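Asker: need coordinates for the below:
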Amino acid sequence: MLMSLKNNQKLKALVTGSSRGIGLAIASKLLEDGIDVITTGTSKKSTSPIGSEYKQVDFLDDSSFNEFLKFVKSQKIDILVNNAGINRINKFNEIKTKDFDDIIKVNLRSPFLLCQAVTKNMELNGWGRIVNVTSIFGTISKKHRAAYSSSKFGLDGMTVALAAELSKFGILANSVGPGFIQTDMTKSILGKSGIKEIEKEIPIARLGEAKEVADLVSWLVSDSNSYLTGQNLIIDGGFSRV
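Answerer: Numbers count the residues shown, from 1 in each chain. Below is the predicted model:
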C-alpha cells in the first residue's frame, strides 16, 4: 500500500519494540509502504529491518528513556506505533510491586509520554496516526495476568481518550489487540504443549502470524483509513469471541 506524502515529504513513523516479532513485522511493512521508519530495541546491535533508523533504548531505565524522548521531540513523527511491551505472569497475591511497576512503566507510561511527544507536531500538520498495540488481554483476561491486563486495559483507555481529543486535528488513534501470535514471547510463556492446547480453542485452529498484524496496522496508518478511530481491533482468529 503506497502512502501519500505530506507537503512532498515522506511520512516518518516510529515503531517501538521493533527488533523482533510483531514490531519487526510492522516496521518492515511500513518500510515497504514507502515510509521512513525509526525503530527501537534494547540491544546495541540492531536487528531491525535494513533501511530503518535504529535507536537503542531501555524503557525501564529513566536516563535511557528520557534521552530517547528528547530525540523523539526533535523529530517530526507522522505515525506512532507503540508496540514495546513486557509481560511477567504470576498469581495475583504473589505479584511483586516491582514487576507491576515495570510492566506499567513499559506498557503504559512510556506510550503515554511518547504520544505527548509526537502529537503537537501532528496537530500542526493536521494529520497523524497512532496505533497502540494492546492484547486480547486488554479486553479479556485470565489468571496470572493481573499486572499485564492492567497495563493493556489502560493503554486502550488512553487510546479512546486520544481519539476523543485529537480526531478533530486529523489524528486518528486506534488500538490493535493481537491474540496468540507466533512470537518468541508466546513461545516462552506457553511452550510447545501450551501452544497446542491454545490452538484447539482458536476457531481458525492456528496461531496468528506477525505479518497479519502488520498488515492491519499498515491499513490503519494509511490514508485509506479516513474514519476509523478510537477502536480496539482484536486480531485473534476468533478466540475471544467464540
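
Asker: residue ranges in the protein under the pLDDT threshold?
Answerer: 1-8 (pLDDT under 70).

Asker: any idea how far the most far-flung residue of it relative to its centre is from residue 144?
Answerer: Note on the chain: the largest C-alpha distance from the chain mean falls to residue 93, namely 28.3 Å (C-alpha atoms, centre = their mean). For residue 93, the distance to residue 144 equals 11 Å [C-beta to C-beta, to the nearest Å]. Where C-beta positions appear, they are placed from N, C-alpha and C, glycine not excepted.

Asker: on that earlier part again, mind checking the SS state of the residue farthest from the centre of the chain?
Answerer: Under the three-state scheme (DSSP: H, G, I helix; E, B strand; the rest coil), residue 93 adopts helix.

Asker: SS state for residue 60?
Answerer: Once three-state DSSP is applied, residue 60 turns out coil.

Asker: show me the contacts for it.
Answerer: With contact taken as C-beta atoms under 8 Å, 6 or more residues apart in numbering, residue 60 is in contact with 102, 105, 106.

Asker: confirm that the second one sits in a helix.
Answerer: Spelled out, that is residue 105. Yes - Residue 105 forms part of a helix when assessed by three-state DSSP.

Asker: grab the longest helix from this structure for me.
Answerer: When the chain is parsed with DSSP state H, its longest helix is helix 146-166.

Asker: who touches it?
Answerer: Here helix 146-166 makes contact (C-beta under 8 Å, 6+ apart) with 82, 85, 87-90, 92, 95, 99-100, 103-104, 106-108, 111-112, 115, 119, 122-123, 128, 130, 132, 134-135, 137-139, 141, 171-175, 177, 229-230, 232.

Asker: how far off centre is it?
Answerer: Remark: helix 146-166 is offset 12 Å from the chain centroid, using C-alpha atoms, centre = their mean, to the nearest Å.

Asker: helices and strands around the helix or strand that comes right after that helix, which ones?
Answerer: Heading C-terminal from helix 146-166, the first helix or strand you meet, by DSSP states H and E, is strand 171-178. Using 3 or more C-beta pairs under 8 Å, 6 or more residues apart in numbering; DSSP states H and E, the elements in contact with strand 171-178 are helix 110-125, strand 128-133, helix 146-166, helix 210-220, strand 232-235.
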